[in-house]
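predicted structure and sequence below. I'll ask about it afterward.
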Amino acid sequence: MLGAKDVSTPLSTTTSLHLVDDTAVVDSIEFRRVIGSLQYLSLTRPDISFAVNKLSQFMHKPTVTHWTATKRLLCYLKQTLFHGIQLKKSKVSCLSTYNDADWAGNIDDRTSTLAYITFLGSNPISWSSKK
């Protein structure tokens, strides 16, 4: 990771991740270890929640494409090492929730991905991304 190039997004917008692709299968134990660590990290990094959710769908049989996407996410984390949640005092105590869903967006099994983030004032207090 020392020579990793900078990336501006957790996932590539041009790469499609599918359950079955033409690339070779990689070590699933190492893939699961990394994804498990990323799931823990996503508790404090809402910017990676969707990417971690997407990559965790391939833990049973990860391929080179999935591993490449995981390495990209790690490069993103290296570049944004000091990003995190900063809670700021706010005079307004407004509770706001934003959500989004893609209706049957997964072409492998036609399931939807749902996501939400809740703010108290300008501070994120809860978020999730689920298939």
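All right, it came through fine.

which one is S93 nearest to, not counting chain neighbours?
G121 (6.1 Å; Cβ to Cβ, 6 or more residues apart in numbering). Heads up, the C-betas are built off the backbone N, CA and C, glycines and all.

mind listing what that neighbour touches?
88, 90, 92-94 (Cβ atoms under 8 Å, 6 or more residues apart in numbering).

for Y98, same thing?
116-119.

let's see 7 Å
Contact analysis of Y98 by Cβ atoms under 7 Å, 6 or more residues apart in numbering lists 116-117.

got it, and the one 3 residues further on?
Under the criterion of Cβ under 7 Å, 6+ apart, the neighbours of A101 are 112-114.

looking at strand pairing, list the partners for it.
L114 (DSSP bridges).

quick check: the residue nearest in space to the middle of the chain vs T13, distance?
When Cα atoms, centre = their mean is applied to the chain, the residue found nearest the centroid is A51 (2.1 Å). Separation of A51 from T13 (Cβ to Cβ, to the nearest Å): 12 Å.

and what of S129?
Here the criterion is Cβ to Cβ. By it, S129 lies 17 Å from T13.

let me see the mean pLDDT of the host helix or strand of R72.
Element membership of R72, judged by DSSP states H and E, is helix 64-79. Throughout helix 64-79, pLDDT has a mean value of 94.

low-confidence regions, this structure specifically.
1 (pLDDT under 70).

could you pull out the helices for it?
For the chain, the helices defined by DSSP state H occupy 28-41, 49-55, 64-79.

what's the closest of those helices to D6?
Proximity to D6 (Cβ to Cβ) singles out helix 64-79 among these, at 5.0 Å.

show me what counts as buried in that closest one.
Judged by neighbour count using 16 or more other Cβ atoms under 10 Å, the buried positions of helix 64-79 are 65-67, 69-70, 72-77.
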